[in-house]
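> One predicted model, sequence on top.
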Amino acid sequence: MSLKHVMELFEEMDSIHVTGEVIKSYLEKISDKGEISVQTVEGKAGSTDFVKVFIPGTNGKRMGGTAPTLGIVGRLGGIGARPEVKGFVSDGDGALSAMATAAKLLDMQGKGDQLVGDVILTTHICPTAPTLPHDPVPFMDSPVDILTMNQYEVTEEMDAILSIDTTKGNMITNHKGFAITPTVKQGYILKISDDLLHIYTQSAGILPVTLPITTQDITPYGNGVYHVNSILQPAVATTSPVVGVAITTETAVAGCGTGASHLVDIEQVVRFALEVAKVYGEGKCSFFNEEEFVLLEKLYGKMEHLQTFGKQEVTN
């Protein structure tokens, strides 16, 4: 039952004393079938703990198999904004979703339901992150920059990535629950995956909800252009396809808002990620049409420059 892990991990994370080691300890009590590492990284405004969970598949690449590896990234600035505000902030939903997915996968391993492909889940744990002005509502900032996050959360082993992020601070997707984005690969915004749309309807029990994205959203943070949020920042650090899984609301909610995490919605995201992990490792879920991507690059060239900071003006 995924909701159990969502609730338990929420209680673990809703504390000024939570660390990556606390989350590692929780996960290790479920099963010893995974590999869990924690690395503390100092940044411009404090430190954060990066957590990486590797869960092996029966035909996973780590052991010499051929099944593709799914990456699941819990994207956020921080799970708390203390001392400015007290408690778990809305922005922490990405970390909670990713670690609850890891917990359920470990639980499945212990019960004999090992997936075919390897799964790698990453996030970071910071209960004292700074905030950042943003329109229409304030964002959460982070002790470390986006490039550092990508360094620790995006790995070469990931053949495809689900990037889970709270995406409530906007007025473009007015739905309480979650939405998925088009696939992003090497600077191209591609067609929304039919396979992922099907998994959405199966797991959520409703028609699929999607998040519109723009060219700005898939460029690196810090280039001076508007981004809906950081949900697609993993796409600037990989050649693998990336799909955002946005936890959404009907109204615009600040990332630093407390009392704004809806655990049932987060559990929906966990189940969606689990179902994707099951079929992706079996080769039954495609994030994009490979032949069409080759044709796009043949017709219009490569778009990898959108993964960079572009032509920055140099001032003396």
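Arrived safely, thanks for sending.

> all contacts plus neighbour counts: C-alpha atoms, from now on.
OK.

> can you pull the contacts of residue 27?
Contact analysis of residue 27 by CA atoms under 8 Å, 6 or more residues apart in numbering lists 102, 103, 106.

> neighbours around the last one, how many?
Think residue 106. For residue 106, the number of neighbouring residues by other CA atoms under 10 Å comes to 26.

> Over to residue 147?
Neighbours of residue 147 under the rule other CA under 10 Å: 16.

> and what of residue 252?
17.

> residues in contact with residue 218?
So residue 218 contacts 184, 187, 232, 233, 235, 236, 306, 307 (CA under 8 Å, 6+ apart).

> buried residues in stretch 36-53?
Within stretch 36-53, the residues that count as buried by 16 or more other CA atoms under 10 Å are 36, 38, 41, 47, 48, 49, 50, 51, 52, 53.

> now stretch 237-251
Result for stretch 237-251 [16+ other CA under 10 Å]: buried residues 237-249.

> Quick one: end-to-end distance for it.
Criterion CA to CA, to the nearest Å; first-to-last residue distance in stretch 237-251 is 31 Å.

> for stretch 62-77, what is the average pLDDT?
Stretch 62-77 carries an average pLDDT of 97.

> Restrict it to CA atoms and write it as CSV.
Listed next in CSV are the C-alpha coordinates belonging to stretch 62-77 (Å, rounded to 0.1, in the frame of the first residue of the first chain):
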residue,chain,number,x,y,z
ARG,A,62,24.0,-3.2,-13.4
MET,A,63,24.2,-7.0,-13.3
GLY,A,64,24.9,-7.4,-17.0
GLY,A,65,21.3,-7.5,-18.2
THR,A,66,19.6,-5.7,-21.1
ALA,A,67,16.5,-4.1,-19.6
PRO,A,68,16.4,-0.3,-19.6
THR,A,69,16.9,1.7,-16.4
LEU,A,70,14.3,4.2,-15.2
GLY,A,71,15.4,7.2,-13.3
ILE,A,72,12.9,8.9,-10.9
VAL,A,73,14.0,12.3,-9.6
GLY,A,74,12.3,14.1,-6.8
ARG,A,75,12.9,17.7,-7.8
LEU,A,76,12.6,20.6,-5.2
GLY,A,77,14.3,23.5,-3.6
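
> Would you indicate which residues of it are buried?
Applying 16+ other CA under 10 Å to stretch 62-77 flags 62, 66-77 as buried.

> Between the contacts of residue 218, which sits nearest residue 198?
Distance to residue 198, by CA to CA, is smallest for residue 184 among the contacts of residue 218, at 18.5 Å.

> Next, the contact list for the nearest residue to that closest one once chain neighbours are set aside, please.
Leaving out its chain neighbours, the residue that sits closest to residue 184 by CA to CA, 6 or more residues apart in numbering is residue 242, at 5.2 Å. Residue 242 makes contact with 160, 161, 162, 163, 183, 184, 185, 232, 234, 235, 287 under the criterion CA under 8 Å, 6+ apart.
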